[in-house]
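A.B. asks: Here you go, sequence then predicted model.
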Amino acid sequence: MNDIKLAVLGGEGVGKSALIVRFLTRRFIGEYASSSECIYRKRLSIDGRQLNLELYDPCSQACEGKSTLTDQIHWADGFVVVYDISDRSSFIKAKAIVHLIRELNLGVAKRDADTLVFLVGNKQDLCHVREVSREEGQRLAAESQTQFYELSAAEHYQEVVLMFSKMVHNASLGGKAKERRRRPSGSKSMAKLINNVFGKRRKSV
Ligand SMILES: Nc1nc2c(ncn2[C@@H]2O[C@H](COP(=O)(O)OP(=O)(O)OP(=O)(O)O)[C@@H](O)[C@H]2O)c(=O)[nH]1
């Protein structure tokens, strides 16, 4: 059975956990804690093949045993790099992450590299306070040869599922050329996911 490892990266509070939880559980849960990094696991069937999906959700705050961005990039087969369309600084951070992925994955075949990094502008429902235009997102995606999505974890369940499904599909075709390096610590089974989310320390919206 294939293992697919995806890292959801981006600045603080851009909605990484919200996107992952939306994809895995269909729910949008407004409050998350970010005091630990974790890997969510799910078994999927794609094109008749069984896959083990691992989704890495980093910890934005300093936490014990925290992996570095470089570790996370080496670990993953595919990347969903998220920014918040209502927060320009998160776009700058996303740009830096995309560039670092490119730098560290220089050896990866171009065809794979193009399909294994998605740039995602989240919180599209906040377009009345938008700080990053859709065109800027599209331009960065074109410059860095990534695929671009603008969506809302809060309001666009179908789009979130489509985006992750496409990435899983691409990663399943991308082969396993990447050398496995350090694995980010901590893992959670799907059965524990909802409890963990509800049990997390509350954060202001
Ligand atoms: N309006 C709106 N709020 C969202 C959306 N996605 C996430 N949020 C909110 O943004 C805040 C941060 O979401 P998280 O999912 O914790 O973001 P994160 O990137 O995992 O956060 P850190 O782990 O702290 O970096 C929460 O209050 C969410 O409810 C969205 O699509 N629209």
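C.D. replies: Sure thing, it's come through.
A.B. asks: ok, residues contacting stretch 97-105?
C.D. replies: Residues outside stretch 97-105 that contact it (C-beta atoms under 8 Å, 6 or more residues apart in numbering): 9-10, 69-70, 73-74, 79, 81, 113, 117, 119, 140, 144, 146. For every residue, glycine as well, the C-beta is placed using N, CA and C.
A.B. asks: The nearest residue to A141 once chain neighbours are set aside in helix, strand or coil?
C.D. replies: Of all residues not flanking A141 in the chain, F148 sits nearest, at 3.5 Å (C-beta to C-beta, 6 or more residues apart in numbering). Look at F148: counting by DSSP: H, G, I helix; E, B strand; the rest coil, its state is strand.
A.B. asks: now do H74
C.D. replies: Per three-state DSSP, H74 ends up helix.
A.B. asks: what's the burial count for it?
C.D. replies: 18 (other C-beta atoms under 10 Å).
A.B. asks: Taking the contacts of stretch 97-105 together, which two end up most distant?
C.D. replies: H74 and L140 (22.9 Å; C-beta to C-beta).
A.B. asks: Next up, phi/psi of R49, please.
C.D. replies: phi -100, psi 140 (degrees, to the nearest 10).
A.B. asks: residues near it, how many?
C.D. replies: 10.
A.B. asks: unless I'm mixing things up, it is touching N2, no?
C.D. replies: Yes: using C-beta atoms under 8 Å, R49 makes contact with N2 at a distance of 6.7 Å.
A.B. asks: what touches both of the two?
C.D. replies: With C-beta under 8 Å, 6+ apart, R49 and N2 have common neighbours S172.
A.B. asks: Next one: the residue nearest to A141 from N2, what distance?
C.D. replies: F148 sits 26 Å away from N2, going by C-beta to C-beta, to the nearest Å.
A.B. asks: now G137
C.D. replies: Taking C-beta to C-beta, one finds G137 at 31 Å from N2.
A.B. asks: Counting neighbours, go ahead and name the busier of these two.
C.D. replies: G137 (20 against 16).
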